[in-house]
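Student: Build me a model:
(one chain, ligands or ions: 1)
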Amino acid sequence: MPIPAAQSATSAAHPVPDRHGQNLFSTDTELHRLLALYLPADLLQHLRPHFERLGALAGGPLDELARTADRNPPVLSLRTRTGIDDQRILKHPAYVEMERLALSEFGLAAMSHRDETLGWKGKMPPLVKYVLTYLFVQAEFGLCCPVSMTDSLARTLRRYGSPELVARVLPRFQSLDFDTLAQGAMFMTEQAAGSDIAATVTRARLDETGQWRLEGDKWFCSNPDADFAMVLARADDAPAGMKGVSLFLLPRQLDDGSHNHYRILRLKDKLGTRSMASGEIRLEGAIAYLVGEAGRGFQQMADMVNNSRLSNGVRSAGLMRRALAEAEYVAAERRAFGRRLADMPLMQRQLQKLRLPAEQARTMVFQTAATLARSDAGEDGAYALLRILTPLIKFRACRDARKVTGDAMEVRGGCGYIEEWSDPRLVRDAHLGSIWEGTSNIVALDVIRAIKREQSLPALQAHFGDLIDQAGLAPAFATALREALGRAAELATTAAAEGGDLLARQAASSLYHCCSAIAMAWEGARGGSADRIEWAQLVLLHRVLPRDPLTAQVVPAAWQMQPGTEIETVAA
Ligand SMILES: Cc1cc2nc3c(=O)[nH]c(=O)nc-3n(C[C@H](O)[C@H](O)[C@H](O)COP(=O)(O)OP(=O)(O)OC[C@H]3O[C@@H](n4cnc5c(N)ncnc54)[C@H](O)[C@@H]3O)c2cc1C
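Tutor: Predicted coordinates:
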């Protein structure tokens, strides 16, 4: 795809191109087309000014705030100056302003739990939240963790909390009033219980008043001063293993306004997400409320974790989009050897290698968010599909973000390595996506679990098979996609058989590449840009089909649409 000279917000004539000040929504024409394909026209029309505003913020002021907050990480304060114990996390005003934008102005955490947001009457489809997050995260990654945990906590509370607990707590998660709205967190990980939640040793005991009290250490707690946290703990009389773990809601403040009985011991010194606090917590008889059924903590928490995993995939897609857009801008504006970088064949190839994973992830965001809406509406088979798409996007998009942000850094040359530019922060943040909320191994194994327990593979094959049928592609390309999906499903079936764990990552990658290629081709054929069909072909050719590294690979002529073939487009 030829890159036109950019519409620079600053002086494009400067030899060191700077994209700062560009609107990240209005310059992303591919996103416009996808939105027209996936959102109802009236909702899209209503939301366009909000997308424009967030795009303008993310390309300028929000990016500045994020850089300031990254350079001024939160600090744990233990006492007042008069010596009174009063634990507080001191956040830089830049971070607080970002919190106001995310939680109050755009309502990112509340919009799925209230009937009116951004002036739209009725519930927002999940896709809107994810598109706003996709724009927001292009400027600020760290805060998106507390935003996602707040949203996910509210979802889990609504689903499993007692009516009395929900009535008491939920309104604060539905609020857009920055002074009173609640933030959420989840405290699961312990020193010996990260991936292996069954090893949880935090204790829960009923006191003489019938109140649950928690005791123990939690080792990784992001947003540790949140108003409420979901916590996993083991009741005194509970059996060992997963069946003994229960879910509790931990308030930061007790009813009398005093601080609940837990302490933040210290904050972590992190590679990325430096704007946002992650700490270690000691529970010292902290009062908490049982959520749902005792002994089903892990199953209930799984819903919250899955929601966060999807958000993680969205965030990685956003990081890749930012990295790619920066690289495209630099290539269009920077000159060497008397030519624009974008006109050099090797640079074009380098950009294409960034573009494919970034666009695959974007497509999978749209597909997964649309499936979440259908699953929540109770549509047949949608849950089984969601159950596999979520770990697929978490696994592959988060891994791809590491490479794409790193390789995009190189496109800016030496400046890419300098902290004044966005690249180093993107690289540092991108590495976290495939560690928290389940490492790559754990999430790949979760793909296999979905296949074994939820019958997710037939649901996936049916859905993506339908997309091939609907797309009206060149028959040879449609056949190649169908065969690739079938073979990826066979590999996944082998991985799900006894002793097949070793294949879990290979199977997850194969399914992701096939599904994203199919959905991209469908989007290209149904109103997205025609480039999407070309990108789908390249994904199939370079990521899925066997290749001979000693030959140049070209897209087979038979995969191209015959000239004059009408592509049916959907109304925007
Ligand atoms: C910045 C940051 C913030 C965090 N915030 C939170 C938070 O707010 N709340 C929270 O609860 N947690 C949080 N975490 C914890 C995070 O979710 C865990 O670190 C992560 O789940 C991995 O657990 P672990 O560190 O115990 O590693 P381990 O579970 O010990 O894993 C170590 C390695 O072993 C591998 N491994 C484990 N089991 C298997 C297996 N069966 N097969 C193959 N390989 C395996 C893993 O893939 C990994 O590579 C945070 C972590 C970080 C870095």
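Student: Leaving out sequence neighbours, find the closest residue to the residue of the stretch 451-572 of the chain found nearest the ligand.
Tutor: Here the residue of the stretch 451-572 of the chain nearest the ligand is Asp501; by Cβ to the nearest ligand atom that distance is 7.1 Å. Where you see a C-beta, it was placed from the backbone N, CA and C, and this is true even at glycine. Once flanking residues are discounted, Asp501 sits nearest to Leu445: 6.6 Å by Cβ to Cβ, 6 or more residues apart in numbering.
Student: Do I have it right that the one you found meets Ala504?
Tutor: Yes - Leu445 is within contact range of Ala504, at 5.3 Å (criterion: Cβ atoms under 8 Å).
Student: More neighbours: which of the two?
Tutor: Ala504 (24 against 20; other Cβ atoms under 10 Å).
Student: if I pick the residue of the chain found nearest the ligand, what's in contact with it?
Tutor: The nearest approach of the chain to the ligand comes at Gly194, 1.6 Å away (Cβ to the nearest ligand atom). The contact partners of Gly194, taken as Cβ atoms under 8 Å, 6 or more residues apart in numbering, are Trp219, Phe220.
Student: how much space between it and Leu372?
Tutor: Distance of Gly194 to Leu372, given as Cβ to Cβ, to the nearest Å: 26 Å.
Student: Can you report phi and psi for Leu90?
Tutor: phi -90, psi 110 (degrees, to the nearest 10).
Student: what is it paired to in the beta sheet?
Tutor: Val75 (DSSP bridges).
Student: surely it meets Asn72?
Tutor: No - under the criterion of Cβ under 8 Å, Leu90 makes no contact with Asn72, lying 9.8 Å away.
Student: who's more crowded, these two?
Tutor: More crowded of Leu90 and Asn72, by other Cβ under 10 Å: Asn72, with 16 against 10.
Student: Partner strands of the longest strand along the chain, with direction?
Tutor: In the chain, assigned by DSSP state E, the strand with the most residues is strand 278-291. When pairing is defined by DSSP bridges, strand 278-291 lines up against strand 212-222 (antiparallel), strand 245-251 (antiparallel), strand 262-267 (antiparallel).
Student: Gly528: what secondary structure?
Tutor: coil (DSSP: H, G, I helix; E, B strand; the rest coil).
Student: sorry, back to before: most tightly packed of the strands paired with strand 278-291?
Tutor: strand 245-251 (a mean of 25; mean count of other Cβ atoms under 10 Å).
Student: related to what we said a few turns ago, so which of the strands paired with strand 278-291 is nearest His113?
Tutor: Among the strands paired with strand 278-291, the nearest to His113 by Cβ to Cβ is strand 245-251 (15.2 Å).
Student: List every C-alpha atom in that closest one, with coordinates, as CSV.
Tutor: Output of strand 245-251 as CSV, limited to C-alpha atoms (Å, rounded to 0.1, in the frame of the first residue of the first chain):
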residue,chain,number,x,y,z
VAL,A,245,-10.9,-21.2,46.9
SER,A,246,-13.6,-18.6,47.4
LEU,A,247,-14.2,-15.1,46.0
PHE,A,248,-14.5,-12.1,48.3
LEU,A,249,-15.2,-8.4,47.8
LEU,A,250,-12.7,-6.3,49.9
PRO,A,251,-13.7,-2.7,50.6
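Student: quick one: it near the ligand?
Tutor: No - Strand 245-251 lies out of reach of the ligand by Cβ under 6 Å from any ligand atom, never closer than 12.3 Å.
Student: Can you list the helices and strands that the helix or strand containing Lys394 packs against?
Tutor: Per DSSP states H and E, Lys394 falls inside helix 382-411. Packed against helix 382-411 by the contact rule (3 or more Cβ pairs under 8 Å, 6 or more residues apart in numbering; DSSP states H and E) you find helix 297-333, helix 345-376, helix 422-433, helix 440-454, helix 456-471, helix 504-525.
Student: and those as JSON lines, adding distance to Ile84?
Tutor: Shown next, in JSON lines, are those (distance: least, Cβ to Cβ, whole Å):
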{"stretch": "helix 297-333", "distance to Ile84": "35"}
{"stretch": "helix 345-376", "distance to Ile84": "46"}
{"stretch": "helix 422-433", "distance to Ile84": "35"}
{"stretch": "helix 440-454", "distance to Ile84": "42"}
{"stretch": "helix 456-471", "distance to Ile84": "54"}
{"stretch": "helix 504-525", "distance to Ile84": "52"}
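Student: Tell me how many other residues surround the nearest residue to Val16 once chain neighbours are set aside.
Tutor: Residue nearest to Val16 in three dimensions, not counting chain neighbours: Cys415, with 6.4 Å by Cβ to Cβ, 6+ apart. Cys415 has 15 neighbouring residues, counting by other Cβ under 10 Å.
Student: Name the SS class of Gly210, please.
Tutor: With three-state DSSP as the basis, Gly210 sits in coil.
Student: quick one, what contacts it?
Tutor: With contacts defined as Cβ under 8 Å, 6+ apart, Gly210 has no neighbours.
Student: Could you measure from it over to Phe248?
Tutor: On the measure of Cβ to Cβ, Gly210 and Phe248 end up 14 Å apart.
Student: quick one: Glu359 and Ala317, what's the gap?
Tutor: Counting by Cβ to Cβ - Glu359 and Ala317 are separated by 9 Å.
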